[in-house]
Each structure stands twice: as C-alpha cells, then as structure tokens.
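Chemist: From the sequence below, what's the structure:
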Amino acid sequence: MAASGRGRSIRRVVSAALLVAVIVLVARTEGVAELPSRVAQLDPRVVPLALLLPFVAVFSGVRRWQLLLAHEGVSLSFPVLLGSFLRGRFVGAFTPSTTGLDLYRLVDVAKFTGSRAASGRAILVEKLHGLVALSLVTFALLPLGLARFFGAAGIALAALLGVGSVLGLVLVSRPRLLQRVAQRAPKKIRARCVELADALASAPPTPALLARVTSLGVLSHVTTAAVFVATGLALDVDASVFTLLVVGNAIVLATLLPISVGGVGVREGTAVALLSLVGVGAADATLVALLGYCVAQPPALLGGALELIGRREPALRTT
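Modeler: Purely as a prediction, here's the structure:
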C-alpha cells in the first residue's frame, strides 16, 4: 500500500516537473501569451476530424474486446461493452497508462459473468494483441521519420520492432510455445507471463480471429496517433502529415509508460522534443499535444455521464 502511494507521488512529481519544463521553454522562446492566439487560429474544417478519430479508436477497441470475450464463451452486445469501455475511459483519465480502463472493464464484465476468469483472460490476451499491433504500427511508421528523428538508432529500433512484431504474432498463434517461453522469463515477471500464456493456451485463437483482432488493434493505434496529425493540421504547423503521424505514434508510446498521471507532461515533452527537430516552435508543438489530449477526451466525458446516469444489467449469453 505504501509502495503504491509512493508510486503515485513519483508520477505526480514527474508530470509536474515535465509540464513546468515545457511551460518554461515556451515562455522563454515564444511566450505563453502566444498560445491563446494560436488556438483562435485553428482551422475549423479539421476540428471535426480530430473529434471523430478518438471514437473510431474506441469502436475498434470495443469490437476487438467483444471478439476476445466471445472466444472465451461470453457473449455481450456491442452497446453494452461500449458503455463499459467508455466508463473505463473516464476512470482511466485519472490513472497511469491504461490501468484504470483495464481494471474497470475486468470488474464490470465479471459482474455479468459471476467470475473474473473469462473477463481477465480476455483482457490479458487483448493487451498482448495490442502490444503486437502497436509494434507493427511503429515498425511501419519509423522509416518515415528515421533519418530526421532517430538516425542509425532508429533503424535498429525499427528492425527490433519488426522482429518483435513477428515473434509476437508467432507466440500468440502458438500458445504452447509461449508457455515454454514464459517459464524461462525473469523471476519478477514470470508469474504474469505464465498467467498470460495459460490464458492463451486455454482457448487458442484461430487464424481468422488472430487476423481480425490484430487488424482492429492496428486501426485503433493508427487512429489514436492520427489525432495529433489532425491537431497539427488544424494549427497549420510546418510539418508533413507523415512527420506528424510518426510524432503522434511516439506520443502514444511515451504516454503508455506508467511514469506520469494521465500522460501529463510526457505528452507535451515528447511533442516539443521531436517537433523541434523539424523546426516547429515549442508553442506549436505543445499545442499539438495539448489539443490532441483535449479532443481525445469526449469519449471519457461521455463515459462519465453514463456512469452518473446508471444502467440496467444486460442479459448474459454464454456459449
């Protein structure tokens, strides 16, 4: 309990420190007063796209979750799972990485099934599929900005992610092999790896399911990264669509690290650090990240409203 409290305190300090550093940088280079005037100049034609993209990511994420639950023998309608996902997004806005979202969904579905086993297995497998999809997206995008952003190290990272993506797909499709690998994992993560391997082995995915879940994962990650493309275009920053997509993906990767509260500070710091390499000022880079965060919040706000309204428990069908 004390360790958990210390962890939260450290994340708050990291978020605050990074955010203050970004604000100081903006103040020294272009002035904080520049930010409101830049927001006032947003291209209204791009804003609807920026607001739509987070919902596309949510819908693809819910459909992926629904497929994996069905594979576990739990059949719940898309609207029911969408409501649970949106409520989880609201909770997740106040927790590091995707912890709040995952825990909320696990407990919520467990209420309908009477057991956390199927719900937990589905989310465990979903996380692995999500990491594989994120690796695939990053592998595809890194070459578009390697020379400018990462140099030789970026080429090595792209190769590593490519190999990791293929290895991840192989392990997901061959859970018995994953079980053997899990038994040899470092002691600190062995129990978690074994749990994941056993979850996959209890219901091995079919090739068709693997293809659908991976495709939905890729769509979810691409649209999440594209939110920052839309905010960059709305601000008319001097960067190409491909550059903004690479930066957006880097922001997604950075905010997945459980070192801050809701990605605060990390998001803005990543944008400033990378976009400065292509000549984008600190003020514009900060706004790309900050507006990207803001336009991604309507699903979470809708989830909060649904939580206040309450709901009826859905009928559960098991197979």
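
Chemist: what's the neighbour count on residue 284?
Modeler: Burial of residue 284 is recorded as 22 neighbouring residues (other C-beta atoms under 10 Å). In short, each C-beta sits where N, CA and C put it, glycine included.

Chemist: Wait, it touches residue 233, no?
Modeler: No - using C-beta atoms under 8 Å as the test, residue 284 is too far from residue 233 to be in contact (11.9 Å).

Chemist: which residues in this structure form helices?
Modeler: For the chain, the helices defined by DSSP state H occupy 2-29, 34-40, 47-71, 78-92, 99-113, 116-145, 151-173, 175-183, 187-202, 207-235, 241-256, 266-275, 282-295, 298-309.

Chemist: for the fourth one, packing partners?
Modeler: Judged by 3 or more C-beta pairs under 8 Å, 6 or more residues apart in numbering; DSSP states H and E, helix 78-92 is in contact with helix 47-71, helix 99-113, helix 298-309.

Chemist: How about residues contacting the last one?
Modeler: This means helix 298-309. Residues from elsewhere that reach helix 298-309 (C-beta atoms under 8 Å, 6 or more residues apart in numbering): 51, 54-55, 58, 83, 85-93.

Chemist: what's the most distant pair in these?
Modeler: Using C-beta to C-beta, the contacts of helix 298-309 reach their maximum pairwise distance at 51 and 91, which is 21.4 Å.

Chemist: More neighbours: the two, which one.
Modeler: Neighbour count, other C-beta under 10 Å: between residue 51 and residue 91, residue 91 has more, with 19 against 16.

Chemist: how much space between the nearest residue to that one once chain neighbours are set aside and residue 236?
Modeler: Excluding its sequence neighbours, the residue lying closest to residue 91 (C-beta to C-beta, 6 or more residues apart in numbering) is residue 100, at 4.1 Å. Residue 100 sits 34 Å away from residue 236, going by C-beta to C-beta, to the nearest Å.
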